[in-house]
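Undergrad: quick one, what's the 3D model for this:
(2 chains)
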Amino acid sequence: GAVVSQHPSRVICKSGTSVKIECRSLDFQATTMFWYRQFPKKSLMLMATSNEGSKATYEQGVEKDKFLINHASLTLSTLTVTSAHPEDSSFYICSARILDGAYGYTFGSGTRLTVV
Amino acid sequence: SQKIEQNSEALNIQEGKTATLTCNYTNYSPAYLQWYRQDPGRGPVFLLLIRENEKEKRKERLKVTFDTTLKQSLFHITASQPADSATYLCALVSNTGKLIFGQGTTLQVKP
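TA: Numbering: from 1, shown residues only, chains lettered A, B, ... in the order given. Below is the predicted model:
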């Protein structure tokens, strides 16, 4: 089945540094990928929609300069958390849509970001 | 405003019983609704999709119903097992193609 590989699975960084999270579709091409953020015991909050070859679409309240998204190829989308602060600590998950939703959406395994 | 809600944050049941989870939505007219399982520290895993013209869908011990009049979906796990313990999320696709999730129900199946 369609697999999305996300890494790193865990990262700890210092305040003020930037962190890049990668999301790759392994056996299919994903023109669109989605980035979510999840707080403990909370549901997934959609941050942005990543479109191959064009600018990402951000949800209301999400800082596009803080969370840089690049979707340079049909198999790779990246999320860069810039100038990270402790409040950016969270669980970040990417996903891609399969066959117009007929088989649901497939998700990466998530990245636990801790900013110290 | 548009909402998708799962009415129970947590559900505890005994092994062998049927677990029933509820998902309600307002101000959406989804063509289909989806259910996912999420284990701690992992991304969601797709379980079932049910279309608006389908009343019921089954997969092994899982059953999903979809009532577009009530704007509600029910998710059942029959003969539940401790391994079924996880958080279950309902989700629907907005008219702009975004997958929107309910807040999830954490199921605990006790032996």
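Undergrad: where does chain B come near chain A, residue by residue?
TA: Taking Cβ under 8 Å from any Cβ of the partner chain as the criterion, chain B approaches chain A at residues B:32, B:34, B:36, B:41-47, B:49, B:89, B:91, B:93, B:97-104. Placement of C-beta: from N, CA and C, glycine included.
Undergrad: just the buried subset of those, written out for ChimeraX, thanks.
TA: Selection of the buried residues among the residues of chain B next to chain A in ChimeraX, burial being defined by 16 or more other Cβ atoms under 10 Å in any protein chain shown:
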select /B:32,34,36,42,43,44,46,47,49,89,91,93,98,99,100,101,102,103,104
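Undergrad: restricted to strands, list the residues of chain B next to chain A.
TA: Among the residues of chain B next to chain A, the members found in strands (DSSP state E) are B:32, B:34, B:36, B:45-47, B:49, B:89, B:91, B:93, B:99-101.
Undergrad: spell out which parts of chain A neighbour chain B.
TA: That would be A:6, A:32, A:34, A:42-44, A:46, A:49, A:91, A:93, A:95, A:97, A:101-110, A:112, which are the residues of chain A within reach of chain B (Cβ under 8 Å from any Cβ).
Undergrad: run the last query once more with 6 Å
TA: Of all the residues in chain A, those in contact range of chain B (Cβ under 6 Å from any Cβ of the partner chain) are A:43-44, A:46, A:93, A:101, A:104-105, A:107-110.
Undergrad: picking up where we left off before, and the ones in strands among the residues of chain B next to chain A as JSON lines, adding distance to B:Thr78?
TA: Compiled in JSON lines, these are given as follows (distance: Cβ to Cβ, whole Å):
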{"residue": "B:Tyr32", "distance to B:Thr78": "23"}
{"residue": "B:Gln34", "distance to B:Thr78": "20"}
{"residue": "B:Tyr36", "distance to B:Thr78": "19"}
{"residue": "B:Val45", "distance to B:Thr78": "19"}
{"residue": "B:Phe46", "distance to B:Thr78": "20"}
{"residue": "B:Leu47", "distance to B:Thr78": "14"}
{"residue": "B:Leu49", "distance to B:Thr78": "19"}
{"residue": "B:Leu89", "distance to B:Thr78": "20"}
{"residue": "B:Ala91", "distance to B:Thr78": "22"}
{"residue": "B:Val93", "distance to B:Thr78": "27"}
{"residue": "B:Leu99", "distance to B:Thr78": "27"}
{"residue": "B:Ile100", "distance to B:Thr78": "28"}
{"residue": "B:Phe101", "distance to B:Thr78": "24"}
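Undergrad: nearest to B:Thr68, of those residues?
TA: Taking Cβ to Cβ as the measure, B:Thr68 lies nearest B:Tyr32 of these, at 10.5 Å.
Undergrad: report the residue spans of chain A with pLDDT below the cut-off.
TA: Confidence mapping of chain A against pLDDT under 70 gives the ranges A:99-103.
Undergrad: what about the strands in chain A?
TA: Under DSSP E, chain A gives strands at A:4-7, A:10-13, A:19-25, A:32-38, A:44-51, A:57-58, A:67-73, A:76-81, A:90-97, A:105-107, A:111-115.
Undergrad: how about TSV for the ones you listed, with distance to B:Asn7 and mean neighbour count added?
TA: Compiled in TSV, the strands of chain A are given as follows (distance: least, Cβ to Cβ, whole Å; neighbours: other Cβ atoms under 10 Å in any protein chain shown):
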stretch	distance to B:Asn7	mean neighbour count
strand A:4-7	30	18
strand A:10-13	33	14
strand A:19-25	32	21
strand A:32-38	20	23
strand A:44-51	18	21
strand A:57-58	30	16
strand A:67-73	32	17
strand A:76-81	32	22
strand A:90-97	24	24
strand A:105-107	23	23
strand A:111-115	29	19
